[in-house]
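> build me a model:
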Amino acid sequence: MNKPIKKWRSGAIEGCIWANARTLDNGTEVEFKTATLTRSYKKKGDDVWRSETFNFRRSDIPKIQAILHNLQQELFLVDREDEDNE
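Residues are numbered from 1 along each chain as shown. So this is what the prediction gives:
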């Protein structure tokens, strides 16, 4: 079974780097890396661990970072502005 070449964990979130290979039409084998983010959780009243995994390529990382930045601003900064208005 393929194992990640690097792994990081923070709480229920895990990030992994994977080494991959693909054979092109001309027979040349190329290697490339991909990444996964996994969130582990238990459903209420259930003792079984479940997980959701998101697979992506290196070129996706800046796009993901931009989206996460906007999500963070909306969730944290807007809530603080709402609190100030009360």
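
> residue ranges for the strands of the chain, please.
Residue ranges of the strands in the chain, as given by DSSP state E, are 6-10, 13-23, 29-42, 49-57.

> adding distance to I64, write those strands out as TSV.
All C-beta atoms are positioned from the backbone trio N, CA, C, and that covers glycine. Converted to TSV, these look like this (distance: least, Cβ to Cβ, whole Å):
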stretch	distance to I64
strand 6-10	15
strand 13-23	11
strand 29-42	9
strand 49-57	7
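
> burial of A19, as a residue count?
Counted with other Cβ atoms under 10 Å, residues neighbouring A19 total 13.

> next, count neighbours for K7.
13.

> number of nearby residues for the residue lying closest to it once chain neighbours are set aside?
Nearest non-adjacent residue to K7, counting by Cβ to Cβ, 6 or more residues apart in numbering: C16, 4.9 Å away. When counting by other Cβ under 10 Å, one arrives at 18 neighbours for C16.

> quick check: bridge partners of C16?
Beta-bridge pairing of C16 under DSSP bridges involves K7, T36.

> what's the answer for E31, then?
Under the criterion used (DSSP bridges), E31 bridges to A21.

> middle-most residue in the protein, spatially?
L37 (2.6 Å; Cα atoms, centre = their mean).

> any idea how far the closest residue in space to that one that isn't next to it in sequence lies from V48?
The shortest distance from L37 to any non-neighbouring residue, by Cβ to Cβ, 6+ apart, is to F54 (4.8 Å). F54 is 21 Å from V48, where distance means Cβ to Cβ, to the nearest Å.
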